[in-house]
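Novice: Quick check, what structure comes out for this input:
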Amino acid sequence: MSAQGPVAVGCDVVALNEIRASIEAFGDRYLERVFTARERADSTGPDRVSRLAARYAAKEAALKALTVTDGPTPPRDVETVLEDGVPRLVLHGVFAARARELGLGHLSVSLSHTDCHAVAVVVAARTAELLPDSTEDLP
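Specialist: Numbers count the residues shown, from 1 in each chain. Model (predicted):
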């Protein structure tokens with residue numbers, strides 16, 4: 001990963017009111033442009049806006065962790081899916097290409113929200129570099 005080392009971290013905070021206002025102003029057009037079908041399906045019920053905001057924050061946090069700076073960054077290229085209730089990132093397109101370019105083999109995401117904000121932290125790592133050599137003695 002060159003100068004960044006074996007781990008990259010991105011974090012983002014989103015105001016729930018911003019997501020709510022976008023949904024009210026643009027409806028399904030906004031939802032379909034920003035979120036995948038699976039993200040929309042996983043974000044139902046009374047916490048819908050909070051869940052969508054957390055997923056939006058994950059998209060922005062991934063952008064920061066992967067330092068994607070050139071060209072378009074389609075928001076649906078970062079997808080938050082639930083596996084056994086645990087969020088996991090799936091990268092597509094530009095984001096998947098950038099992760100491969102940086103040699104990143106592992107992504108973790110943490111999502112949280114309050115009554116007014118949602119936050120996401122993304123950790124991208126070269127997993128082999130994080131594990132000590134089995135022949136090394138640990139301090």
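Novice: And the closest residue to residue 76 other than its chain neighbours, how close does it get to residue 51?
Specialist: What sits nearest to residue 76 in space, not counting adjacent residues and going by Cβ to Cβ, 6 or more residues apart in numbering, is residue 36, at 5.2 Å. No exception for glycine: its C-beta is placed from N, CA and C like everyone else's. Residue 36 sits 13 Å away from residue 51, taking Cβ to Cβ, to the nearest Å as the criterion.
Novice: hmm, back to that, per-residue confidence at the residue nearest to residue 76?
Specialist: Note on residue 36: pLDDT of 97.
Novice: residue contacts, the residue nearest the centre of the chain?
Specialist: Nearest to the mean C-alpha position of the chain, counting by Cα atoms, centre = their mean, stands residue 58 at 3.0 Å. Each residue near residue 58 by Cβ atoms under 8 Å, 6 or more residues apart in numbering is listed here: 12, 78, 80, 87, 89, 109, 111, 120, 122.
Novice: can you check residue 10 too?
Specialist: Neighbour list for residue 10: 60-66, 121-122, 124 [criterion: Cβ under 8 Å, 6+ apart].
Novice: So which of the residues you listed belong to strands?
Specialist: Among the contacts of residue 10, the members found in strands (DSSP state E) are 121-122, 124.
Novice: still on that earlier bit, for the residue nearest to the centre of the chain, which non-adjacent residue is spatially closest?
Specialist: The nearest residue in space to residue 58 (Cβ to Cβ, 6+ apart) is residue 120, at 3.9 Å.
Novice: Give me the neighbour count for residue 16.
Specialist: As a burial measure, residue 16 scores 18 neighbours (other Cβ atoms under 10 Å).
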